[in-house]
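Engineer: Any chance you could fold what I've pasted below:
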Amino acid sequence: MIKGRLKSWNEQKGFGFISSEAIEHDVFVHISALKTMSRKPQLGDIIYFNTEQQADGKIRAINCEIEGVAVVEKRPSKRNHKYKNNKQANTKFPLVTIVILIVIGVFAYQKWGRNVSYTPPANYKNFEALVPSIIEEPSSNFVCDGRTHCSQMNSREEAVFFINNCPDTKMDGDRDGIPCENDSRF
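Structural biologist: Predicted coordinates for the structure are as follows:
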C-alpha cells in the first residue's frame with residue numbers, strides 16, 4: 001500500500017486528492033474508496049491506499065484506510081439481504097408444494113381409492129351362490145392371446161377363463177362377472 005496525506009476534500013461531492021512522495025501527481029480519491037472507515041476523512045489525514053488507472057488514463061486511489069481510524073466490518077447491503085431471503089423462500093416453495101401435493105394424494109386415495117371395488121347389481125340377491133356355478137376353474141388349455149370380445153371365443157369356458165385371467169377383456173358389459181350373456185352360441 002502507498003502512504004499519502006489528504007490534501008483536499010469536497011464534503012458535498014464526496015471526493016478529494018491525496019499527495020504522496022511515491023507518486024508524482026496528486027491522486028484522486030472518492031468516498032466509496034473509504035467506505036470501511038468508521039468516520040469520514042478530514043484534511044491532513046494519513047491515508048494508505050492502492051491505485052488504479054481509470055479509462056481516461058488518470059490514477060485514482062482504491063482500498064483506502066485512514067491511519068488511526070477504526071475499520072468497520074462490511075455489512076451486507078439491504079439489497080443483498082433481501083436477495084438472500086428471497087433465495088431461501090424460493091428454495092422452500094417447491095418443498096412445501098411437494099409436501100402439500102403428497103398430503104392431497106394420500107387424502108384422495110383414502111377417500112376414493114378404497115371405494116373403487118365392484119359390487120354386484122341389486123337385482124342379484126344371491127350373487128355369491130350364482131357365480132361359483134357358472135365360473136369354473138381355469139383350464140390349462142386356454143392362454144391369454146390378446147382376444148377380448150365374445151365373438152372371438154369358442155366356448156363359454158374359454159370366455160370365463162379370459163374374463164378372469166386376461167386384461168382388457170370386453171365380454172362382461174354389465175360387470176356382473178358372467179361373460180357373453182347375450183351370445184346365443186353359448
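Engineer: residue ranges of the helices in the protein, please?
Structural biologist: Remark: helices assigned in the chain by DSSP state H are 78-112, 127-134, 156-165.
Engineer: ok, of those, where does mean pLDDT dip lowest?
Structural biologist: Of all the helices of the chain, the minimum mean pLDDT falls on helix 127-134 (a mean of 52).
Engineer: dump the residue contacts of Arg39.
Structural biologist: In this structure, Arg39 makes contact with 66, 69, judged by Cβ atoms under 8 Å, 6 or more residues apart in numbering. Backbone N, C-alpha and C define where each C-beta goes, glycine included.
Engineer: what's it sitting at in phi/psi?
Structural biologist: Backbone torsions for Arg39, taken as degrees, to the nearest 10, come to phi -140, psi 160.
Engineer: so what pLDDT did the closest residue to Trp9 other than its chain neighbours get?
Structural biologist: Leaving out its chain neighbours, the residue that sits closest to Trp9 by Cβ to Cβ, 6 or more residues apart in numbering is Gly16, at 3.6 Å. For Gly16, the pLDDT comes out at 95.
Engineer: Correct me if wrong: Gly16 contacts Lys7.
Structural biologist: Yes. Counting by Cβ atoms under 8 Å, Gly16 does reach Lys7; the two are 7.2 Å apart.
Engineer: If you count surrounding residues, which of those two has more?
Structural biologist: Using other Cβ atoms under 10 Å as the criterion, Gly16 and Lys7 rank with Gly16 on top: 24 against 15.
Engineer: Phe186: neighbour count?
Structural biologist: Counted with other Cβ under 10 Å, residues neighbouring Phe186 total 16.
Engineer: who's in contact with the nearest residue to it once chain neighbours are set aside?
Structural biologist: Nearest residue to Phe186, sequence neighbours excluded (Cβ to Cβ, 6+ apart): Arg156, at 4.0 Å. Residues counted as contacts of Arg156 (Cβ under 8 Å, 6+ apart) are 179-180, 186.
Engineer: So Arg156 versus Ser184, what's the distance?
Structural biologist: Counting by Cβ to Cβ, to the nearest Å, the gap from Arg156 to Ser184 is 12 Å.
Engineer: One more: Phe93?
Structural biologist: Phe93 sits 63 Å away from Ser184, going by Cβ to Cβ.
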